[in-house]
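Visitor: Give the three-dimensional model of this entry:
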Amino acid sequence: MPLDDQRADREAAEWFAKLNTLSISTRALEDFQSWRRVPGNDAAYERMEALWQVGARLTNTPQTQAAVRAALARGARRRRLSLLWSPKTRTGYGIAALAAGALLALTFVIGQGEAYSTGVGEQRLVTLDDGTRLRLDTDTRLRVRFTGEGREIELRRGQAFFDVAHDPARPFIVEAADTSVRAIGTRFDVRKSGEAVKVTLVEGVVEVADRRGDRAWRLSPGEGIEATSHPAAKPAPVDVAAATSWTSGRLTFRATPLDEAVAEVNRYSRDKVVVDAARFERVPVSGVFDVGDTEAFVAAVSDLFELQADRERNQIMLRPRP
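Guide: Sure thing, here's the model as predicted:
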């Protein structure tokens with residue numbers, strides 16, 4: 001393997017471990033996106049993600065689970081397993097060894113009834129003791145409770161992506177406001193905004209119930225539903241890639257009304273964008289932006305609609321140019 005590819009693979013593994021074991025700040029995400037734009041780095045990171053998917057499937061085998069339990073039992077701290085990365089890691093070990101290290105770095109055990117949260121502009125990934133992986137988006141809070149009969153998640157605010165480990169004996173249930181999402185082994189996204197809850201299914205099958213209206217729906221992959229008290233609420237096809245692009249550090253807009261795009265960008269920043277031009281609010285916009293890169297979004301929108309951006313305290317006002 002050429003030296004440049006080895007370097008890119010090593011850095012990809014280091015970035016992968018960093019992004020998936022720590023609370024990620026907006027600055028770190030910006031640094032990651034800058035690194036990814038260097039030729040060869042994006043492909044290296046995609047190889048890293050592919051290896052992670054292989055490793056993730058292996059963690060669900062009885063042999064691997066037994067090995068993890070044994071490793072935890074030998075450790076001085078039985079509740080958590082962590083791996084410290086050294087900048088002097090040799091490339092001779094190869095990308096497979098780096099992937100294994102990243103997999104260990106992602107594995108840590110949480111107790112029953114523990115709460116997890118992220119601040120504005122942060123993302124976080126946790127791995128539960130059954131192998132389920134949760135990715136928390138910006139400004140999110142949830143609580144986890146496992147029992148012998150079931151696995152329960154209470155999403156109190158924000159958004160989370162769930163990659164659920166298969167366990168037919170213990171249903172996996174996410175509660176958000178008056179909405180309940182039930183899964184066995186699947187991958188799906190849940191977002192809670194106030195009392196509104198939106199569910200997007202990527203893989204498998206989930207059952208969504210609205211306890212206010214005593215209604216229930218069964219989603220298929222590629223479908224989503226916004227569970228509300230509206231009697232016409234029902235599953236509908238969704239752009240899964242766009243809906244879940246935040247999990248890879250990007251926001252994807254495809255003919256999205258400007259006011260909705262602005263609201264999404266604002267979730268990742270304390271400096272809020274305000275469109276002071278009513279005639280543009282519902283105009284559709286399309287584009288892909290790095291999470292937390294408010295400046296790039298403002299620049300693109302300003303050029304597209306000939307708006308000027310004025311900073312006023314913690315706001316960026318977009319107004320028609322004189």
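Visitor: Which residue comes closest to Trp246 once chain neighbours are left out?
Guide: Excluding the flanking residues, the one nearest Trp246 by C-beta to C-beta, 6 or more residues apart in numbering is Asp137, at 5.6 Å. All C-beta atoms are positioned from the backbone trio N, CA, C, and that covers glycine.
Visitor: So the residue lying closest to Arg36 once chain neighbours are set aside, which state does it fall into?
Guide: Leaving aside its sequence neighbours, Arg36 sits nearest to Asp42 (C-beta to C-beta, 6+ apart; 5.1 Å). Three-state call for Asp42 (DSSP: H, G, I helix; E, B strand; the rest coil): helix.
Visitor: Asp42 against Ser34, yeah?
Guide: No. Between Asp42 and Ser34 there is no contact, the gap being 11.7 Å when judged by C-beta atoms under 8 Å.
Visitor: Neighbour count: these two, which is higher?
Guide: Neighbour totals were compared for Asp42 and Ser34, and Asp42 leads with 14 against 11 (other C-beta atoms under 10 Å).
Visitor: Can you classify the closest residue to Thr256 other than its chain neighbours as helix, strand or coil?
Guide: Closest residue to Thr256 apart from its sequence neighbours, by C-beta to C-beta, 6+ apart: Val285 at 5.8 Å. The three-state assignment at Val285 reads strand, by three-state DSSP.
Visitor: how far away is Val285 from Val275?
Guide: Distance, Val285 to Val275, by C-beta to C-beta, to the nearest Å: 11 Å.
Visitor: Need the overlap of contacts for those two.
Guide: Counting by C-beta atoms under 8 Å, 6 or more residues apart in numbering, the contacts common to Val285 and Val275 are Leu258.
Visitor: where exactly do the strands run in the stretch 101-250 of the chain?
Guide: Taking DSSP state E, counting those that start in this stretch, the strands of the stretch 101-250 of the chain run over residues 114-117, 124-127, 133-136, 141-146, 151-163, 172-176, 179-183, 187-193, 196-203, 206-210, 215-219, 223-227, 236-237, 250-257.
Visitor: just how off-centre is the fifth one within its chain?
Guide: The reference is to strand 151-163. Centroid displacement of strand 151-163 relative to its chain, using C-alpha atoms, centre = their mean, to the nearest Å, is 11 Å.
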